[in-house]
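> Provided below for reference: sequence and predicted model.
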Amino acid sequence: MTGRARRGVRLAALVSVSLLASATGCGDGGGDGAAGGGTLVGLVTKTDTNPFFVKMKEGAQQAAGGTGATVQSFAGKQDGDNQSQVDAVENLIGAGAKGILITPNDSKAIVPSVDKARQAGLLVIALDTQLEPADAADATFATDNHRAGLLIGQWAKARFEAEGKQAKIALLDLNPNQVSVDVQRDQGFLEGFGVDVGDKGRIGDESDPRIVGHDVTDGAPEGGRTAMENLLQKDPGINLVYTINEPAAAGAYEALKAAGKEKDVTIVSVDGGCPGVENVEAGVIGATSQQYPLKMAQLGVEAIAKFAQDGTKPQNTAGKDFVDTGVTLITDQPAAGVESKDSAWGLENCWG
């Protein structure tokens, strides 16, 4: 497919890719097994609709084929649904799983369930989103989410300074729970842009007059559109939009387009999924930080298989309290002093 043929907002693709996922267990305690035998590994994602988690499931299944493990997957009903994840952990303990990979919907509320699993002898690895505290899990395999935010903030700062523009910033976050991934990306972006964030562990306590406001999106296109509409009502002069992920960015763009402002606003995001990178190529998203969910899940399954074999636990990346699976800034508008790759490279390395 040529770049011209891929032009346009990939809102439909961001949603439809999720249909590739087979149904996973939610609050009913069901689960979806993958091919393999022997070591049982649980995968508990935030939802089963976001392409990021679809790719994560694919990575777990691929790794299972190479390790002789079986993956049983579960998901929350929507972003923020902690109870379904609690039920999933209970099911996996009862099923005799050797380990659990989890992307927590609530980094704090899930900790008692994780404690119970670890007391039962399971290895628990957080994927993408750290628990609070981080050492509540045996390990975390994740993007450096603060760096992901920092990169798009630095890029936006360099672009606005080069153009002599004063920013009016809208921040489209995940949900009111302020989970670690949400806070780290938001605060990283603001730091990269040169904003004094106050408490780095909290969203929304900044006093910088350039910030119009924050709103939540549930990481979905419809949430992104609604949040963008809300903030445009507060200040129609917004010209820089940070989004928690690319589905939210696609929704924000739809709201801007409906208001006739899409050419006046720069959108930055995090994910690096194929539809999102195509939106970079099309000029819908100015820059995005690409992460690698397939790698997170593959490494997680391999770590649990190793633990089941000889009790070995994964070691953190040097100088960090997690295993860093990498992040790359993707943009077709490079900025001086900010390392990046173009959308062609991004499309070769994207997911979803």
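Great, that's in hand. Numbering: from 1, shown residues only.

> what packs against the host helix or strand of Val44?
Here Val44 sits within strand 40-45, counting by DSSP states H and E. When contacts are defined as 3 or more C-beta pairs under 8 Å, 6 or more residues apart in numbering; DSSP states H and E, strand 40-45 sits against helix 51-67, strand 70-75, helix 82-95, strand 99-102, helix 293-310. For the C-beta atoms, the positions are set from N, CA and C on the backbone; glycine is no exception.

> Dump the first one to CSV, keeping only the CA atoms.
Taking C-alpha atoms only, helix 51-67 is exported to CSV below (Å, rounded to 0.1, in the frame of the first residue of the first chain):
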residue,chain,number,x,y,z
PRO,A,51,-4.9,-2.9,19.6
PHE,A,52,-2.0,-2.5,22.0
PHE,A,53,-3.4,-5.3,24.2
VAL,A,54,-4.4,-7.4,21.1
LYS,A,55,-0.7,-7.3,20.1
MET,A,56,0.4,-8.1,23.7
LYS,A,57,-1.8,-11.2,23.6
GLU,A,58,-0.3,-12.2,20.3
GLY,A,59,3.2,-11.9,21.7
ALA,A,60,2.3,-14.0,24.7
GLN,A,61,0.9,-16.7,22.4
GLN,A,62,4.0,-16.7,20.2
ALA,A,63,6.3,-17.0,23.2
ALA,A,64,4.2,-19.9,24.5
GLY,A,65,4.8,-21.8,21.4
GLY,A,66,8.5,-21.6,21.9
THR,A,67,8.6,-22.4,25.6
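
> Buried residues, it. List them.
51-64, 67 (16 or more other C-beta atoms under 10 Å).

> try stretch 189-206
Quick answer for stretch 189-206 (16+ other C-beta under 10 Å): Phe189, Leu190, Glu191, Gly192, Phe193, Val195, Val197, Ile203, Glu206.

> Check stretch 332-341 too.
Neighbour-count burial for stretch 332-341 [16+ other C-beta under 10 Å]: Asp332, Pro334, Ala335, Val338, Ser340, Lys341.

> quick one: pLDDT of the residue nearest to Asp106 when sequence neighbours are not counted?
Sequence neighbours aside, Asn82 is the residue nearest to Asp106 in space, at 4.2 Å (criterion: C-beta to C-beta, 6 or more residues apart in numbering). Asn82 carries a pLDDT value of 96.

> cool, Ala34 as well?
Predicted confidence (pLDDT) for Ala34: 40.

> What of Gln78?
So, for Gln78, pLDDT stands at 87.

> for Gly38, same thing?
83.

> What segments of the stretch 201-350 of the chain are helices?
Secondary structure of the stretch 201-350 of the chain by DSSP state H, counting those that start in this stretch: the helices cover 221-234, 246-258, 274-281, 293-310, 343-348.

> list the buried ones in the first one?
Read that as helix 221-234. Here helix 221-234 shows Pro221, Gly223, Gly224, Arg225, Thr226, Ala227, Met228, Glu229, Leu231, Leu232 as buried, counting by 16+ other C-beta under 10 Å.

> helices or strands up against that helix?
helix 11-16, strand 169-173, strand 211-216, helix 246-258.

> With only the CA atoms kept, save the longest one in CSV.
Pointing back at helix 246-258 there. In CSV, the C-alpha atoms belonging to helix 246-258 read as follows (Å, rounded to 0.1, in the frame of the first residue of the first chain):
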residue,chain,number,x,y,z
GLU,A,246,-3.2,7.1,19.6
PRO,A,247,-6.9,6.0,19.7
ALA,A,248,-7.5,9.1,21.9
ALA,A,249,-5.5,11.2,19.5
ALA,A,250,-7.7,10.0,16.6
GLY,A,251,-10.8,11.1,18.5
ALA,A,252,-9.3,14.4,19.4
TYR,A,253,-8.5,15.0,15.7
GLU,A,254,-12.1,14.3,14.8
ALA,A,255,-13.3,17.0,17.3
LEU,A,256,-10.8,19.5,16.0
LYS,A,257,-11.8,18.8,12.4
ALA,A,258,-15.5,19.2,13.2
